[in-house]
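Undergrad: model this:
(chains A and B)
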Amino acid sequence: EVQLVESGGGLVQPGGSLRLSCAASGFTFSSYWMHWVRQAPGKGLVWVSRINSDGSATNYADSVKGRFTISRDNAKNTLYLQMNSLRAEDTAVYYCARATYGDNSGRALDYWGQGTLATVSS
Amino acid sequence: DIQMTQSPSSLSASVGDRVTITCRASQSISSYLNWYQQKPGKAPKLLIYAASSLQSGVPSRFSGSGSGTDFTLTISSLQPEDFATYYCQQTYSTPRTFGQGTNVEIK
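TA: This next block holds a predicted model:
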């Protein structure tokens, strides 16, 4: 069974840092691109970042570029999101998600974790 | 960036109704369009990928269509468990933008 379990959320002051983790199991983690998506309280889904299967390529939303870093450790089956210089507007539930691949896959996000809440407040 | 616009933002419907949600992209995205369902306090769930393919385990009352810039999600006969928020997402280019969501409520 595919499982994605996020951790690392919590309360942090503006300007602070958090490191989110996403532990993967039930599939060959090193074969899949992975994404982070966030959702502010009461708001919609916002794409944050993605990383390719071997960690050599990354992309970010403009709103987090230069402040957030996505990475992965395929030996530990774990995805990370290092969040620095946090702002109040980064307050959200952060989800990790697995991306499908192959012809006609739509590159969709087929499995999601339960999410971890990061709250940025003084 | 590609903008995704869903309509309506919310709708009220009854059990058994046929429901259609539309999603428009600001430029052509071929068939790189996926639909998700989200219930309160839960993670999103993939319903439709590549515009019209039904994800494994999803009931056949859900269907998707479209290509280019205009897409639709249809629920042929709304069931009680279908009351939720639905999002489209384009995966043609990064950033992988989502629509703003459509909240389907009970009439």
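
Undergrad: what about the spatially closest residue to residue B:59 that is not a sequence neighbour, how many neighbours?
TA: Leaving aside its sequence neighbours, residue B:59 sits nearest to residue B:79 (CB to CB, 6 or more residues apart in numbering or on different chains; 7.8 Å). C-beta: built from backbone N, CA, C; applies to glycine. Per other CB atoms under 10 Å in any protein chain shown, the neighbour tally for residue B:79 reads 11.

Undergrad: surely residue B:79 meets residue B:15?
TA: Yes - using CB atoms under 8 Å, residue B:79 is in contact with residue B:15, at 6.5 Å.

Undergrad: which residues touch the spatially closest residue to residue A:120 that is not a sequence neighbour?
TA: The shortest distance from residue A:120 to any non-neighbouring residue, by CB to CB, 6+ apart, is to residue A:86 (4.6 Å). The neighbourhood of residue A:86, defined by CB atoms under 8 Å, 6 or more residues apart in numbering or on different chains, consists of A:12, A:14-18, A:67, A:118, A:120.

Undergrad: by neighbour count, sort out the buried ones in these.
TA: Neighbour counting by 16 or more other CB atoms under 10 Å in any protein chain shown classes A:12, A:18, A:118, A:120 among those as buried.

Undergrad: which of those residues lies closest to residue A:72?
TA: Distance to residue A:72 across the buried ones among the contacts of residue A:86 (CB to CB) is lowest for residue A:18, with 17.2 Å.

Undergrad: got the confidence number for the closest one?
TA: In this model, residue A:18 is scored at 98, pLDDT.

Undergrad: which residues of chain A lie near chain B?
TA: Within chain A, the positions lying close to chain B (CB under 8 Å from any CB of the partner chain) are A:35, A:37, A:44-47, A:50, A:59-62, A:95, A:100, A:104-110, A:112-115.

Undergrad: who touches stretch B:56-66?
TA: Here stretch B:56-66 has contacts from B:23, B:31, B:33, B:35, B:46-48, B:51-54, B:71-77, B:79, B:82, using CB under 8 Å, 6+ apart.

Undergrad: got the end-to-end distance for it?
TA: Length of stretch B:56-66, first residue to last, CA to CA, to the nearest Å: 20 Å.

Undergrad: what is the mean pLDDT for that stretch?
TA: On average, stretch B:56-66 scores 98.

Undergrad: also stretch A:43-56?
TA: Mean per-residue pLDDT for stretch A:43-56: 97.

Undergrad: now stretch A:23-31
TA: Mean per-residue pLDDT for stretch A:23-31: 97.

Undergrad: mind checking which of the contacts of residue A:86 land in strands?
TA: Counting by DSSP state E, the contacts of residue A:86 place A:12, A:18, A:118, A:120 in strands.

Undergrad: quick check: the farthest pair among those residues?
TA: Farthest apart among the ones in strands among the contacts of residue A:86 - using CB to CB - are A:18 and A:120, which lie 8.6 Å from each other.

Undergrad: need the residues touching each of those two.
TA: Common contacts of residue A:18 and residue A:120 (CB under 8 Å, 6+ apart): A:12, A:86.

Undergrad: assign a three-state SS to the residue most central in space within chain B, would you?
TA: Centroid check for chain B by CA atoms, centre = their mean gives residue B:35 as the closest residue, at 3.9 Å. Here residue B:35 is recorded as strand under DSSP: H, G, I helix; E, B strand; the rest coil.

Undergrad: okay, and the residue nearest to it when sequence neighbours are not counted sits in which element?
TA: Residue nearest to residue B:35 in three dimensions, not counting chain neighbours: residue B:48, with 4.1 Å by CB to CB, 6+ apart. For residue B:48, the host element (DSSP states H and E) is strand B:45-49.
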